[in-house]
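J.: next come a sequence and a model predicted from it.
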Amino acid sequence: MPIRLNMSRQIIWFLTFALFIAGLSGCDSDSSDTPPPTIVPAEAAVSPPTTGAPDGTVRPLADHALTALFDAKTSSLAVLSSAPAGQAVVTLITSAGGTRTVPLPESGTAMTGDDAGQLYVSTRGGYFRVDLAVGSATLVGVEGQQGTDFTAIARREDGKLVLGSADGTVFTLSSDTAVGARLKIFARVDSLVTQGNTAVVLDRGQTSVTALSADGTSDEHALRAGEGATTMAADAAGRVLVADTRGGQLLVYGLDPLILRQAYPVADAPYGLAGTSTLAWVSQTASNAVVGYDLSTGIPVEKKRYRTVQQPNSLVYDESSGTLYVVSGSGAGVQVIPDAAVGS
């Protein structure tokens, strides 16, 4: 498939990072504790005030959202937000418009789910198991990791949870509480996604993407991800999408082995991502917009574009209804765009 790249810029960055990426791909669980070389992590742009009404409808959400996902069993959008006094809250927004909150007694950093009514929210020392039907949250401690700052979490096809930490370690659990494998080769684990039983790690400081072995003990492949990757999402076609916010690109990776399939310029600080069976959705935080790209031809083709709420940091797509949710990171609410991909 064709790859569009700014070659001079890519060559400079490749030369800068070639040595540490080569070292990264050769590391294993016995690697040195010496921190890998890093750059200043990229971030979303600070969005300007909106200049027109967002498409669809907007539901209020007072808290500043960190991340969001859709649960098929309960037909609910779950939004993880920070709360006062170092706590967090999960806000549930049903397809019928109802809202319910589940408070968490400690901070939450990332969230994954099983699409069957259970959420898992990473926190210091472990994770919260959130029952959406009951509206309860139970803290589950990971054995021997009481002081670990967990920063990312994902769930594999076999049901095993994978957690990442602020010190650059990936933990693959063998039960609800036991660590089956650990791998410490990253500067920080900023995001985790899974395709089947393969976990993929995004490290913003190294601006790298790494696919782990199924047993969680080694890195199968590691690639540098643009000039400043920030977010990552998996889609139904087995791809992994990455927003290169600093470099202004949508990066599309295939797995087995990990390989960059497509790189396409996206203006205005791309950040939020949602991978679906039809389109890849990317938010532009510098212009309060979201774009839907068709990836089927080998190069992304823009099919849809919508005005969004301010600071469109998180995107979620409900496959069953075709609804796109745009979640503001500045408290501007949750935008609901029904039939978002119709006509694409």
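T.: That came through fine.

J.: mind listing what the residue nearest the centre of the chain touches?
T.: In the chain, the residue lying closest to the centroid (CA atoms, centre = their mean) is Met232, at 4.2 Å. Met232 sits next to Ser191, Val193, Val200, Leu202, Val209, Val240, Leu241, Val242, Ala243, Leu273 when contact means CB atoms under 8 Å, 6 or more residues apart in numbering. For every residue, glycine as well, the C-beta is placed using N, CA and C.

J.: can you classify it by secondary structure?
T.: Three-state call for Met232 (DSSP: H, G, I helix; E, B strand; the rest coil): strand.

J.: quick check: bridge partners of it?
T.: Val242 (DSSP bridges).

J.: state the distance from it to Leu192.
T.: 8 Å (CB to CB, to the nearest Å).

J.: common neighbours of these two, please.
T.: Val200, Leu202.

J.: sheet-wise, list the partners of the helix or strand encompassing Tyr325 with their directions.
T.: Here Tyr325, judged by DSSP states H and E, is contained in strand 323-328. Paired neighbours of strand 323-328 in the sheet (DSSP bridges): strand 312-318 (antiparallel), strand 334-337 (antiparallel).

J.: export these as JSON lines, with columns for mean pLDDT, distance to Thr172 and mean neighbour count.
T.: Formatted as JSON lines, those follow (pLDDT from 0 to 100; distance: least, CB to CB, whole Å; neighbours: other CB atoms under 10 Å):
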{"stretch": "strand 312-318", "mean pLDDT": "98", "distance to Thr172": "26", "mean neighbour count": "24"}
{"stretch": "strand 334-337", "mean pLDDT": "97", "distance to Thr172": "33", "mean neighbour count": "22"}
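
J.: and the ones you listed as CSV, adding distance to Arg124?
T.: Listed next are the strands paired with strand 323-328 as CSV, based on distance: least, CB to CB, whole Å:
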stretch, distance to Arg124
strand 312-318, 22
strand 334-337, 27
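
J.: can you give me phi and psi for Ala45?
T.: Dihedral pair for Ala45: phi -70, psi 150, per degrees, to the nearest 10.

J.: show me the contacts for it.
T.: Counting by CB under 8 Å, 6+ apart, Ala45 touches Thr245, Asp268, Ala269, Tyr271, Thr285, Ala286.

J.: do you know the pLDDT at the second one?
T.: In other words, Asp268. At Asp268, the model reports a pLDDT of 98.

J.: surely it meets Gln284?
T.: Yes. In terms of CB atoms under 8 Å, Asp268 counts as a neighbour of Gln284; the distance is 3.8 Å.

J.: good, we can wrap up now.
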